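[1] just to be clear, the model below is a prediction. Sequence and coordinates:
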Protein chains: 2
Amino acid sequence: MTFANLDAALALIKFDKDGLIPAIAQQHDTGEVLMMAWMSKDAVVETLTTGQVCYWSRSRQSLWRKGETSGQTQALVDFLVDCDGDTLLLKVDQSGVACHTGRRTCFYTAIRQSGAVVVSDVQIAPEDLYK
Amino acid sequence: MTFANLDAALALIKFDKDGLIPAIAQQHDTGEVLMMAWMSKDAVVETLTTGQVCYWSRSRQSLWRKGETSGQTQALVDFLVDCDGDTLLLKVDQSGVACHTGRRTCFYTAIRQSGAVVVSDVQIAPEDLYK
């Protein structure tokens, strides 16, 4: 994947005081929201140029090539920026599962009148994801 | 809408050092991601108890009852928290448009090889939203 003007693209993006921007990953065809993570400028550049989603891990303070360890990669389908330029929406094709718990999405707990309800099943055992 | 145990629900949510958490709003039936904004604890409580989405405006430093001025309200359909407890996904029923530009979604600019492309049309003129 090549970009006519990567600098012009980056100029649309407002990184916060820590140099990061939140990025929502959505399965491109089903519309399922998979996860939200953060991107640095380097993560944005790597994602746009390789077509494989790369985040910034705030806990590890390093680039986080999604699926590098687990094999559960995200191929970039479309890259959107919001009206304020301070949030990204990544349309992706998720291989397997997005969540470290082995669920398709990280958003599997619903808060309802009766209490917290788990609404998504584990598809891959976590011990099989990180062996 | 009443909650059996609002405190137990709040215990699942990790607010950041500023007392805020990012909240993604998604149209419940079409799956369209509409916007991302921030919630304080008070905004979460108001949203869960009224069923109408209320954010925290970082620019105005006040509760932001979505649609209070524009009429473009968000009725809460489901309230999800992610695996880390640090991001919310709100399934909503959006009245009209979510974006202050009069577009259905705030994510209307795609960054593609050829450059930035506007991929959503204005549905309501901004001057009609805020008159």
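    Yes, it's here. These figures come from a predicted structure and were not determined experimentally.
[2] going forward, measure contacts and count neighbours with C-alpha atoms only.
    Noted.
[3] now do the contacts for the nearest residue in space to A:Ser120 that is not next to it in sequence.
    Among residues not flanking A:Ser120 along the chain, A:Tyr108 sits closest, at 5.1 Å (Cα to Cα, 6 or more residues apart in numbering or on different chains). By Cα atoms under 8 Å, 6 or more residues apart in numbering or on different chains, the contact set of A:Tyr108 is A:Val118, A:Val119, A:Ser120, B:Leu80, B:Val81, B:Asp82, B:Cys83.
[4] which element is the fourth one on?
    In this structure, B:Leu80 is located in strand B:74-81 according to DSSP states H and E.
[5] may I have the strands that pair with the helix or strand just after that strand, each with its orientation?
    Proceeding N to C from strand B:74-81, the next assigned helix or strand is strand B:88-94, under DSSP H and E. Strand B:88-94 has the following sheet partners, assigned by DSSP bridges: strand B:21-27 (parallel), strand B:74-81 (antiparallel).
[6] and the next helix or strand after strand B:88-94, what does it pack onto?
    Downstream of strand B:88-94, the first helix or strand assigned by DSSP H and E is strand B:109-112. Of the remaining helices and strands, those touching strand B:109-112 by 3 or more Cα pairs under 8 Å, 6 or more residues apart in numbering or on different chains; DSSP states H and E are strand A:74-81, strand B:115-118.
[7] can you point out the buried residues in strand B:109-112?
    Going by neighbour count (16 or more other Cα atoms under 10 Å in any protein chain shown), the buried part of strand B:109-112 is B:Thr109, B:Ala110, B:Ile111, B:Arg112.
[8] what do you get for stretch A:68-86?
    A:70, A:72-83, A:85-86.
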